[in-house]
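> task: produce atomic coordinates for the following.
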Amino acid sequence: MTETRTPARAVIMDHDGSLDDLLSLLLLTRYDVDLQGVAVTPADCLLAPALSVTHRILDLADLPHVQVAPGSLSGPHPFPMAWRTDALRVEALPVLNRFPPRERTSGPVLPAHEQLVKWIEQAATPLTILVTGPLTNLAWCLDKHPWLEQAIGEIVFMGGAFDVEGNVEEPGHDGSAEWNVYCDPKAAQRVFATQIPITLFPLDVTNQVPVTDEFVRAFGAHYGNPASDLAGSLLAMTFGTVETVGSPYCCWDSLATSYLAAPELFTFDQVRCTVVVDGASEGRTVRADDGRVVRCAITVKQEDFYRHCLQLLT
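Here you go, the predicted structure:
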């Protein structure tokens, strides 16, 4: 009897170039998924180095054919510039400069919001959209082409905060919002207004997996493995966050990404919620009886997550 293989999940990633976004992309390339494209949003990054690093990670994973689309849309609340320079340093890491960049074989691409439409149109099966930055590109697509809603099987989004403090510290804001939502609250509201299933990873669960000294140094035992060297370097570059901003760097985006390969790491609940789009709580995600239902990650098996990353990246 011939064994029938289940088709790999078709995935598009939209990230915004921070250290954890780049770790998420690296992790995603190790999964049994059909990665159909990567959009880079100029939110928590400078676009040029973030694009360069994205290409180099795909080269490292032997995926030079995967298209990378540069974002040209941005939300009304730019991320702090001090956070956006990480990709400049990552681009210079020796592990990403062992070889010249490979020739792109995928042809020209459109700006990310327009290319996202093309990717969704061309997909043979409903797509999973993994968003580890703001929802700006996806909201534009749904505004301009509402029928695309039927072609998206699931949105996996790292964003929001319900029962924990947010991470926005801006003048006039009450600190209740999470940055990926706060960057473009109306985009989040637009996406939440759809019927597309959303699996949400808010700060409530991502705060449960801080980047620990033990986790980072464990990659050292695998020195010489390019994926491990890059993962360890990205994680090591997060050190100093507590000293400078007063809170730990967490595996925000990489935790959401791990769901695609290891959903058993999580417990979930159905949460009705909405997005505040103005005032001192702008960008806050709040429970609401008349809100839309999202599948919200509640808890994670912390040590199993760390082991998952180490096994896949070493």
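> give me the phi and psi for residue 100.
The phi and psi torsions at residue 100 (degrees, to the nearest 10) take the values phi -60, psi 150.
> what about residue 24, distance to residue 14?
11 Å (CB to CB, to the nearest Å). Using the backbone N, CA and C atoms, a C-beta is placed for each residue, glycine as well.
> what touches both of these two?
Taking CB atoms under 8 Å, 6 or more residues apart in numbering as the contact rule, residue 24 and residue 14 both touch 130, 132.
> run a quick check on residue 248 versus residue 208, I expect a contact.
No. Taking CB atoms under 8 Å as the contact criterion, residue 248 and residue 208 are not neighbours in contact, 11.1 Å apart.
> compare those two (neighbour count), which wins?
Neighbour tally, residue 248 and residue 208, criterion other CB atoms under 10 Å: the higher count belongs to residue 208, 18 against 13.
> mind checking the SS state of that one?
Secondary structure state of residue 208, per DSSP: H, G, I helix; E, B strand; the rest coil, is coil.
> any idea how far the closest residue to it other than its chain neighbours is from residue 308?
The shortest distance from residue 208 to any residue that is not its chain neighbour, by CB to CB, 6 or more residues apart in numbering, is 5.4 Å, and that residue is residue 300. Taking CB to CB as the measure, residue 300 and residue 308 are separated by 10 Å.
> kindly report the same for residue 137.
Summarising the geometry, the distance separating residue 137 from residue 308, computed by CB to CB, is 28 Å.
> out of the two, which sits in the busier spot?
It is residue 137, of residue 137 and residue 308, that has more neighbours when counted by other CB under 10 Å, with 29 against 19.
> ok, then the element right after the helix or strand containing residue 142?
Here residue 142 sits within helix 136-144, counting by DSSP states H and E. Towards the C-terminus, the helix or strand next in line after helix 136-144, according to DSSP H and E, is strand 152-158.
> output that next one as CSV, restricted to C-alpha atoms.
Output for strand 152-158, consisting of C-alpha atoms alone and laid out as CSV, is shown next (Å, rounded to 0.1, in the frame of the first residue of the first chain):
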residue,chain,number,x,y,z
ILE,A,152,-6.9,32.6,4.1
GLY,A,153,-7.3,29.6,6.3
GLU,A,154,-5.7,31.0,9.5
ILE,A,155,-3.9,34.0,10.8
VAL,A,156,-1.3,33.4,13.5
PHE,A,157,-0.5,36.7,15.1
MET,A,158,1.9,37.7,17.9
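> which neighbours in the sheet does that strand have, and how are they oriented?
Sheet pairing for strand 152-158, assigned by DSSP bridges, gives strand 127-131 (parallel), strand 198-201 (parallel).
> residue 88 contacts residue 46, correct?
Yes. Taking CB under 8 Å as the definition, residue 88 is a contact partner of residue 46 at 6.4 Å.
> got phi/psi on residue 19?
Residue torsions, per degrees, to the nearest 10, at residue 19 are phi -60, psi -40.
> roughly how far is stretch 264-279 from the heart of the chain?
The chain centroid and the centroid of stretch 264-279 are separated by 16 Å, computed with CA atoms, centre = their mean, to the nearest Å.
> what residues does it touch?
Counting by CB under 8 Å, 6+ apart, the neighbours of stretch 264-279 from elsewhere in the structure are 160, 162, 177, 181, 185-186, 188-189, 192, 199-200, 205, 258-259, 282-301, 304-305, 308.
> those residues in strands, which ones?
Assigned to strands by DSSP state E, the following of the contacts of stretch 264-279 qualify: 199-200, 285-287, 292-300.
> what number of residues lie near residue 288?
Using other CB under 10 Å as the criterion, residue 288 is surrounded by 13 other residues.
> can you pull the contacts of the spatially most central residue of the chain?
Nearest to the mean C-alpha position of the chain, counting by CA atoms, centre = their mean, stands residue 132 at 2.1 Å. By CB under 8 Å, 6+ apart, the contact set of residue 132 is 13-16, 20-21, 24, 158, 180, 252-253, 256-257.
> quick one: contacts of whichever strand or helix holds residue 51?
Assigned by DSSP H and E, residue 51 belongs to helix 47-60. Outside of helix 47-60, the residues within contact range by CB under 8 Å, 6+ apart are 15-17, 22, 25-26, 29, 38, 40, 42, 64, 66, 68, 70-71, 87-88, 90-91, 95-97, 99, 101-102, 104, 226-227, 230.
> next step: those restricted to helices.
22, 25, 26, 87, 88, 90, 91, 226, 227, 230 (DSSP state H).
> wait, doesn't the third one sit right on residue 314?
What it means is residue 26. No. Between residue 26 and residue 314 there is no contact under CB under 8 Å: 11.8 Å.
> hang on, isn't residue 79 packed against residue 46?
No. With contacts defined as CB under 8 Å, residue 79 does not count as touching residue 46, sitting 10.4 Å away.
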